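Asks: Quick one, structure for this:
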Amino acid sequence: MTFQKDILNPTQRRWLLLLITGLAAFALVAVACGDDAPGPAATEGPANEDAYAGLSGEVRIDGSSTVFPIAEAMAEEFGLVSDVRVNVAFSGTGGGFEKFCRGETQISNASRPIKDLEREACAENGIDDIVEIQVAIDALTVMIHPDNDFAQCMTVPELNKAFRADGARKWSDLRPEWPDDDIVAYYPGADSGTFDYFNEAIIEEFEGSTHRGDGTPSEDDNILALGIGRDKNAIGYFGFAYFLEAGQGLQAVAVDDGHGCVAPSFEAALSGEYTPLSRPLFIYTRASFLNDRPEVAGFARFFLESVDTIVPEVGYVTMPAALLAQQFTKITPPYVLLGQEVPAPAPVETDYSRLSGEIRIDGSSTVFPIAEAMAEEFGYVSDVRVNVAFSGTGGGFEKFCRGETQISDASRPIKDSERESCAENGIDDIVEIQVAIDALTVMIHPDNDFAQCMTVPELNQAFRADGAKKWSDLRPEWPDDDIVAYYPGADSGTFDYFNEAIIEEFEGSTHRGDGTPSEDDNILALGIGRDKNAIGYFGFAYFLEAGQGLQAVAVDDGHGCVAPSFEAALSGEYTPLSRPLFIYTRASLLSERPELAGFIQFFLEQSDAIVPEVGYVTMPADLLAEQFAKIAPHIN
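Replies: Numbers count the residues shown, from 1 in each chain. All right, here's what the predicted structure looks like:
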């Protein structure tokens, strides 16, 4: 997802998350303490000292040295607004879980997920109500001496050889042109989650590899940083925050996982480009603590409310809004235990009957039936007039960028050129909202008894400009009849998607132009249904609407024939022709026009009911939650 930080300040973003998850005042503390207990106020974040002023007691935390600076900073800030003593120590992720499972701590910091063996150890001691809370994203960082001028970018196999037990001993063992000097290795101790993560991502990825043990291990990242900074031939690894803390004393190694050198950074960790060494960071607690100990519940809530300000201050990456919203859900009664699915955030109840005005929508013919159905249903609960038209995804963006519409339907993501066109007109606050999943469908006449399954190369040949002209050009045993092609117009997102997934996948291919194009899928369906030699494509919903008039072609992408279906689109089996569907609007319009914010909220609330009715696939709960997160700050 794309999170536009410039739309919200940290306080507003915290409110966004509370809104999504339906957190009410006293949701944590009041439940734990009863009606007379003080609880966090619903109208303020951690800046309101009164929210936690009534809390006292002690919270003990141990675990990951990577998470330690975040937890320590949170503990210090929490001490300013409450009378709770929060004691934070670090003995490594594994050591922290040992203490947690013995009941010695209330919160365990971890730089990796809890292992099955650790969960079993907890369960043996009656601790079976574990709650896992992600608090940040880290870029595990490989570091070298600042004067090292040769190993500034290393491939994953080279990192493996540098840190594996039977690997390279000298730098020249990695590349002949590198110095014939011994590699001096520094790394976290075996109890560290950082060690576990590096071992899993770099060492164990290569069969038979084990981590070297002849270097200098330490649970204290400061010791590692000090050692690397003193030896020109040293190499080591730990969290990105410690690299930032070490300043000019160390040099970060860019990692090449086969797609070029990528240096660790906030942006690369959040985007997923920095692979395989970006990772989530966690704290673990118990549902019984959240329920029975208001100081633990209050600290956990304060922790999440403060991540936007404190996490980047200590050198880590904040989570996208929807992911942070899920963490709030976990600590809100009835709590979400480890292994349970996080429910979609409950949207705020809105009285749609008070809304009036007009909304204009244009764009994709594929999204049109969803938007039309939503508009009709919204008319029953509001006085808003929603006018829906279709001129193709590209045509819709043209109108949207000219300010003629408030919502643009799209069967593909907006292009950079379209975004630039919008920006030229002052429209630079675009919000992308996914509304469904579609299975783009290739169709033939119902009497066609030979082309019922086609490979991706055959589809390319059938629709490329210099490709097959007769069916027998695809397979000799097929009829020697002309292929009659139907397809959407060039302004259609369906055309763009098919072109990208089927045509442009083969070098030098361009889409044929000698068939029958139309922005109206009904015209395409009618044409295919009248000609036994016809073939065409559009959305799965239109195939369902056409009923027995058409036949869907199963697609073989090298793993067997898969027919388009709800199940295959959702599971990802129907490749490469399943795709997301979107609506686009503007943040300013959402804030200034309550009828627009209300309609999009209604759109998402009704997606589980209406989307399958018109022949599309609904989104999983976590993906739907991300879409609510995008509009939540604008709902009144």
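Asks: Tell me how many other residues crowd residue 419.
Replies: By the criterion of other CB atoms under 10 Å, residue 419 has 16 neighbours. Every C-beta, even on glycine, is put in place using the N, C-alpha and C of the backbone.
Asks: mind listing what it touches?
Replies: residue 430 (CB atoms under 8 Å, 6 or more residues apart in numbering).
Asks: Helix or strand: which one has it?
Replies: Here residue 419 sits within helix 416-424, counting by DSSP states H and E.
Asks: ok, then the element right after that helix?
Replies: That would be, after helix 416-424 and using DSSP H and E, strand 430-444.
Asks: Just want the angle from that following strand to helix 416-424.
Replies: Strand 430-444 runs at 150 degrees relative to helix 416-424, counting by axes from the mean of the first three to the mean of the last three CA atoms, to 10 degrees.
Asks: average pLDDT across strand 430-444?
Replies: Per-region confidence: strand 430-444 scores 91 on mean pLDDT.
Asks: returning to that earlier point: show me which residues of the helix holding residue 419 are buried.
Replies: Going by neighbour count (16 or more other CB atoms under 10 Å), the buried part of helix 416-424 is 418-419, 421-422.
Asks: repeat for stretch 104-121
Replies: 105-114, 118-119, 121.
Asks: Out of those, flag the one nearest to residue 151.
Replies: Comparing those against residue 151 with CB to CB places residue 111 closest, at 24.5 Å.
Asks: For that closest one, give me the pLDDT.
Replies: You'll see residue 111 listed with a pLDDT of 88.
Asks: Ok, residue 573 next?
Replies: So, for residue 573, pLDDT stands at 84.
Asks: That one belongs to a helix?
Replies: No: counting by DSSP: H, G, I helix; E, B strand; the rest coil, residue 573 is not part of a helix but coil.
Asks: residues in contact with stretch 86-95?
Replies: Outside stretch 86-95, the residues that touch it by CB under 8 Å, 6+ apart are 58-65, 68, 71-72, 74-75, 78-79, 96, 99, 109-112, 118, 188-196, 219, 299.
Asks: Now do the most far-flung residue of the chain relative to its centre against residue 463, distance only.
Replies: In the chain, residue 480 marks the outermost C-alpha relative to the chain mean, sitting 48.1 Å out by CA atoms, centre = their mean. Remark: distance between residue 480 and residue 463 (CB to CB, to the nearest Å) = 19 Å.
Asks: How about the secondary structure of residue 387?
Replies: From three-state DSSP, the assignment for residue 387 is strand.
Asks: If I follow the layout properly, it ends up in contact with residue 361?
Replies: Yes: counting by CB atoms under 8 Å, residue 387 touches residue 361, with 6.7 Å between them.
Asks: Could you count how many residues lie near residue 513?
Replies: As a burial measure, residue 513 scores 10 neighbours (other CB under 10 Å).
Asks: hmm, back to that, for the nearest residue to the residue farthest from the centre of the chain once chain neighbours are set aside, give me its contacts.
Replies: In space, and not counting its chain neighbours, residue 480 is closest to residue 472: 4.6 Å by CB to CB, 6 or more residues apart in numbering. Listed by CB under 8 Å, 6+ apart, the contact partners of residue 472 are 478-481.
Asks: Of those, which belong to strands?
Replies: Within these, membership in strands is found for no residue, as judged by DSSP state E.
Asks: Generate a markdown table for these, with pLDDT as supplementary columns.
Replies: As requested, the contacts of residue 472 are exported to a markdown table (pLDDT from 0 to 100):
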| residue | pLDDT |
| --- | --- |
| 478 | 97 |
| 479 | 96 |
| 480 | 97 |
| 481 | 97 |
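Asks: and of the residues you listed, the nearest to residue 440?
Replies: residue 478 (22.9 Å).
Asks: In contact with that closest one, which residues?
Replies: Residue 478 is in contact with 450-451, 471-472, counting by CB under 8 Å, 6+ apart.
Asks: Are any of those buried, and if so which?
Replies: Using 16+ other CB under 10 Å as the burial test, those include 451, 471 as buried.
Asks: Tell me which two in the contacts of residue 478 are the farthest apart.
Replies: The widest separation within the contacts of residue 478 (CB to CB) is 11.5 Å, between 451 and 472.
Asks: How about residue 330: what's its closest non-neighbour residue?
Replies: residue 336 (4.1 Å).
Asks: Please apply the same query to residue 456.
Replies: Residue 456 sits nearest to residue 557 (CB to CB, 6+ apart), 5.2 Å away.
Asks: Now do the same contact list for that neighbour.
Replies: With CB under 8 Å, 6+ apart, residue 557 has these contacts: 455-456, 575-576.
Asks: Which pLDDT does the model give it?
Replies: 89.
Asks: Residue 75 touches residue 61, doesn't it?
Replies: Yes: using CB under 8 Å, residue 75 is in contact with residue 61, at 7.4 Å.
Asks: Show me which of those two is the more surrounded one.
Replies: Neighbours were counted for residue 75 and for residue 61 using other CB under 10 Å; residue 61 has more, 26 against 20.
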